[in-house]
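>>> pasting a predicted model and its sequence here:
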Amino acid sequence: MRAQTLPSAAGWGWILAGFAIFRRSPLILGMLVLTYWFTIIFLNVLPFIGTLAASLVIPGLSVGLMQAARQVERGQPVGVQTLYGSMKENGRTLIALGALYLSCTLGILGLSALLDGGDMFRFMMASSRTEKAAVEEADFLAPALFVMVMMTPVMMAYWFAPVLAAWHRLSLGRSLFFSLVACWINWRAFLVYGAGLMLVAGIVPGVLMGVLLLIFPGAANFIAAMVTMPMVLIIAPTVFASFYACYRDIFGISEIV
């Protein structure tokens, strides 16, 4: 197992590569992303265990989307079974990764209560608008910065961990370690990658929506739908495919077992 150190320009290249993969099979990748989101939404609405169940399956489903991107790039057939089938690859470790990530997230949110008395934690855990309204006037700046700083190493350790566990059969600890190292040595590329994602998935759609609302102020719902649909059917599959391109370039396809 060896991670390559790539130049900062690679970050933008991952987004372009993700779009190139998407263009090869837009309908299939779009369908799989929608299936992914519907699965997560369905699990989240289940009483009592919904959030936990969703967290446990997300690593396996994310590997499924990366597997779909890999097969599209190789010209191999892709179907719904590609999304769910990857959950069987080193399944125990994938479930453990989901449980660990949820625990770390809740733990960090809990620690943020030391800064704001728990307002941000209550806002994030609120299940209704009434509960959110009770704390939405609170100052979230300090706890948000704390959570962002604390979650950064967690996300670095988790970024490649599911695919390393599934495709390379690494243990929980080894998959987290190699993911953390790979992200650390490529922090410049990830910085560019993050900026590119913000531009493509956030700034450009936001500016477009703002301009259209100024031109057609009475068609807010139509404009929102017109901007949202391409984000769901084009940008989201491109982003997920870029995750695979990121892995492919840093670890190399030849190392897949």
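Looks like it arrived, so ask away.
>>> gap between the helix or strand Phe19 falls within and the chain center?
For Phe19, the host element (DSSP states H and E) is helix 10-24. Computed by C-alpha atoms, centre = their mean, to the nearest Å, the chain-centroid distance of helix 10-24 equals 16 Å.
>>> looks like Glu73 contacts Phe22 (just checking).
No: at 10.5 Å, Glu73 does not count as touching Phe22 under the criterion of C-beta atoms under 8 Å. Bear in mind the C-beta positions are built from the backbone N, C-alpha and C, glycine included.
>>> quick one: which of the two has more around it?
Legend: neighbour count by other C-beta atoms under 10 Å for Glu73 and Phe22, higher for Phe22 (25 against 18).
>>> from Ala219, how far off is that one?
In this view, Phe22 and Ala219 are 28 Å apart by C-beta to C-beta, to the nearest Å.
>>> got the buried residues for the helix or strand just after the helix holding Phe19?
For helix 10-24, the following helix or strand on the C-terminal side (DSSP H and E) is helix 26-44. By 16 or more other C-beta atoms under 10 Å, the buried positions in helix 26-44 come out as 28-33, 35-36, 39-40, 43.
>>> what helices or strands is helix 26-44 leaning on?
If you count contacts as 3 or more C-beta pairs under 8 Å, 6 or more residues apart in numbering; DSSP states H and E, helix 26-44 packs onto helix 50-73, helix 80-85, helix 236-251.
>>> now do the helices in the stretch 151-257 of the chain.
Assignment of helices within the stretch 151-257 of the chain using DSSP state H, counting those that start in this stretch yields the ranges 161-167, 172-185, 187-198, 204-215, 220-230, 236-251.
>>> going by mean pLDDT, which of those helices comes out lowest?
The weakest mean pLDDT among the helices of the stretch 151-257 of the chain belongs to helix 220-230, with a mean of 77.
>>> related to what we said a few turns ago, of all the helices of the stretch 151-257 of the chain, which lies closest to Leu100?
Of all those, helix 172-185 sits nearest to Leu100, with 7.3 Å by C-beta to C-beta.
>>> most tightly surrounded among the helices of the stretch 151-257 of the chain?
Greatest average neighbour count among the helices of the stretch 151-257 of the chain goes to helix 161-167 (a mean of 27), per mean count of other C-beta atoms under 10 Å.
>>> quick one: pLDDT of Lys132?
pLDDT, Lys132: 65.
>>> who's in contact with stretch 74-86?
If you take C-beta atoms under 8 Å, 6 or more residues apart in numbering as the criterion, stretch 74-86 is touched by 25, 28-29, 31-32, 35-36, 60-61, 63-68, 71-72, 166.
>>> picking up where we left off before, closest to Phe146 out of the helices of the stretch 151-257 of the chain?
Closest among those, once you apply C-beta to C-beta, is helix 187-198, at 19.3 Å.
>>> what comes into contact with the closest one?
6-12, 14-15, 183, 239, 242, 246.
>>> same question for stretch 215-234.
By C-beta under 8 Å, 6+ apart, the list of residues contacting stretch 215-234 reads 22, 26, 30, 33-34, 201, 205, 208-209, 212-213.
>>> buried set for stretch 92-107?
93-98, 100-102, 104-105.
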